[in-house]
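Undergrad: need a structure here:
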Amino acid sequence: MTSASAMLIEFLENHSDEFLHNWRKSIVISDNDLYKEEVLNNGVKMFQLVKRAIETPLSEEEITYLAYKTALERVNANVNISEFVYNVNVGKSIIIKWVSNSGIELRDLQPIIEEINALFDRFSYLAVRKYTEIREQQLQEKELYIDQTHKERLTILGQMSSSFVHEFRNPLTSIIGFTKLLQNGYPELPYLDIMQHELEQLNYRISQFLHVSRKDLIESTREEIILTDHLEDTIEFLYPSLLDGDVSIDFQCDAAIKVLGNRDELRQVFLNLIMNSIDALQEVAGHRQITISCEEEAGKTKLEISNNGPRIKEETIEAIFEPFYTTKDLGTGIGLYICKKLIEKHEGEIRCQSNDEWTTFTIGIPVESNMVI
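TA: Numbering: from 1, shown residues only. Okay, here's the model as predicted:
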C-alpha cells in the first residue's frame, strides 16, 4: 500500500460520519420501501468496500455478494431500479469529491479515483443485471401461471359448452329435419328457404362450440377436394347473406387445384372467413367488396380472402386467432381460433394482413400431390 493510499484511508475514516451523513441527505428512498434501513446499511458496506479497494484490489466475489444482496432487496421492495442507480451515483460523486479534497497530490490520487470509479460501475452493473434476471424470472413464472389458469378455464368452459351444445343440438336436428320434409312436400311454401339457411347458420355456430369444447380436434375422414368447386358451393350457400349485406364478390381460382382434406372442416373455415368479411363490411359506406383468389405456390395453396372493410390494427392481428378474443359486441371469439386449428390440422397455416385498403386472410395448405395420406 502506498503512502498516498494510507493517507487517504485515514482521511476517509476520520470523515466517515460526515460523508455518510451527506450521502443520506442526498439519496432518494420511497416511502413504501420495505428495506429503508438496508439501503443505509448497504451504503455503509459500500463505503467500507471503497476503503478496502484503496488498500488492495477486491475479489469479484466481494463485489458480487453485495450487488446481489442489494438487487434482491430492490426486487422485494417493489420500487423502481432507477432509485438504486441514482443513489449509487450520488455516493460515487460524494466520495470522489471528498477524495479530491483530501489534500493529496492529484497525480497520486488519479489511479485511486479510477479504481473507485471502476468499483462503483462494476457494482451497479452486477446489481442491475441481477435485478433484471430476477424480474424476468418472476415475469416468466407469472406468464406460466396465467397460461395454466387460462387452460384450466378453457377446460371448464369446454365441458360446459359440450354439455350445453349436445342438449341444444338434439331439438335443432329435429327442426332441420322437419324443415327439409316441408320443403319436399310443399316446395312453394314461402320463407322455408330462409328458415333453412338460418338453421344451417345456427348449426354451424354450434359446430364451432363442439370443436372448441374438445381438448384436441378429433381425426376425420379426408377426401380429394377440388378447391374451386368447394368454394363455389360455399359462396352459393352464403348468397342470401351477401345479398342482404350489399356485398359484391369477385372469385378467381385455379380450377386444377386439389387438396386432400375434410370437406366439412374446410367448409367451416371458408364460411367463417367470408361471414367475418360480410360483418366487417357493414361498417363501410359505399362499395363493399370481397375478393377470393387461389393459386398454387411452392406446393401449397395460396388462398386469399380479402375485403375492403376497416383496417385491423397490427396489435389486434396478433390476438385475433386466440380463443375468446373478439372485437364484436356479440362475438364469441372462437371462429378464427377454430379456423387456425382446422388449417393446422390440414398441415397448413393461416395469417392475416391489413392496411387502409384491404384486409386479407391467406391460407396455405399442401396441394393433393404433396399431401401425405
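
Undergrad: so what's the closest residue to residue 71 other than its chain neighbours up against?
TA: Residue nearest to residue 71 in three dimensions, not counting chain neighbours: residue 130, with 3.7 Å by Cβ to Cβ, 6 or more residues apart in numbering. For the C-beta atoms, the positions are set from N, CA and C on the backbone; glycine is no exception. If a contact means Cβ atoms under 8 Å, 6 or more residues apart in numbering, then residue 130 has 67-68, 71-72 as its contacts.

Undergrad: In PyMOL, how would I select just the buried ones from these?
TA: With 16 or more other Cβ atoms under 10 Å as the burial test, the buried ones among the contacts of residue 130 are selected in PyMOL as follows:
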select buried, resi 67+68+71
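
Undergrad: as a whole number, average confidence for stretch 37-46?
TA: Throughout stretch 37-46, pLDDT has a mean value of 86.

Undergrad: Make sure residue 265 is indeed in a helix.
TA: Yes - according to DSSP: H, G, I helix; E, B strand; the rest coil, residue 265 belongs to a helix.

Undergrad: That one and residue 26: what is the separation?
TA: Shown here: residue 265 relative to residue 26, a distance of 68 Å by Cβ to Cβ, to the nearest Å.

Undergrad: ok, those two, which is more surrounded?
TA: Each of residue 265 and residue 26 has its neighbours counted (other Cβ atoms under 10 Å); residue 265 has more, 20 against 13.

Undergrad: tell me the pLDDT at the more buried one?
TA: Here the pLDDT value assigned to residue 265 is 86.

Undergrad: and if you look at the one 3 residues further on?
TA: Looking at residue 268, its pLDDT reads 85.

Undergrad: Mind listing what's buried along the helix or strand hosting it?
TA: Of the helices and strands defined by DSSP states H and E, residue 268 is found in helix 263-281. By neighbour count on 16+ other Cβ under 10 Å, the buried set for helix 263-281 is 265-278, 280-281.

Undergrad: what residues are up against the residue lying closest to residue 245 once chain neighbours are set aside?
TA: Nearest non-adjacent residue to residue 245, counting by Cβ to Cβ, 6+ apart: residue 278, 4.6 Å away. Applying Cβ under 8 Å, 6+ apart to residue 278 gives the contacts 238, 241-242, 245, 247, 290.

Undergrad: if you set the cut-off to 6 Å instead, what comes out?
TA: Contacts here follow Cβ atoms under 6 Å, 6 or more residues apart in numbering; on that basis residue 278 touches 241, 245, 247.

Undergrad: Go through those and flag which are in strands.
TA: Among the contacts of residue 278, no member falls in strands (criterion: DSSP state E).

Undergrad: Can you tell me which of those is nearest residue 78?
TA: residue 245 (52.1 Å; Cβ to Cβ).

Undergrad: Can you give me the neighbour number for the closest one?
TA: Applying other Cβ under 10 Å, I find that residue 245 has 16 neighbouring residues.

Undergrad: Likewise for residue 175?
TA: Count around residue 175 with other Cβ under 10 Å applied: 13.

Undergrad: Now name the helix or strand holding it.
TA: Remark: residue 175 resides in helix 106-185, with elements defined by DSSP H and E.

Undergrad: how far does the helix holding residue 268 sit from the chain's center?
TA: Taking the mean of its C-alpha atoms, helix 263-281 sits 25 Å from the chain's own mean (Cα atoms, centre = their mean, to the nearest Å).

Undergrad: Past that helix, which element shows up next along the chain?
TA: Once the chain leaves helix 263-281, the following helix or strand, as judged by DSSP H and E, is strand 289-297.

Undergrad: by how many degrees do that next one and helix 263-281 diverge?
TA: Angle between the axes of strand 289-297 and helix 263-281 is 140 degrees (criterion: axes from the mean of the first three to the mean of the last three Cα atoms, to 10 degrees).
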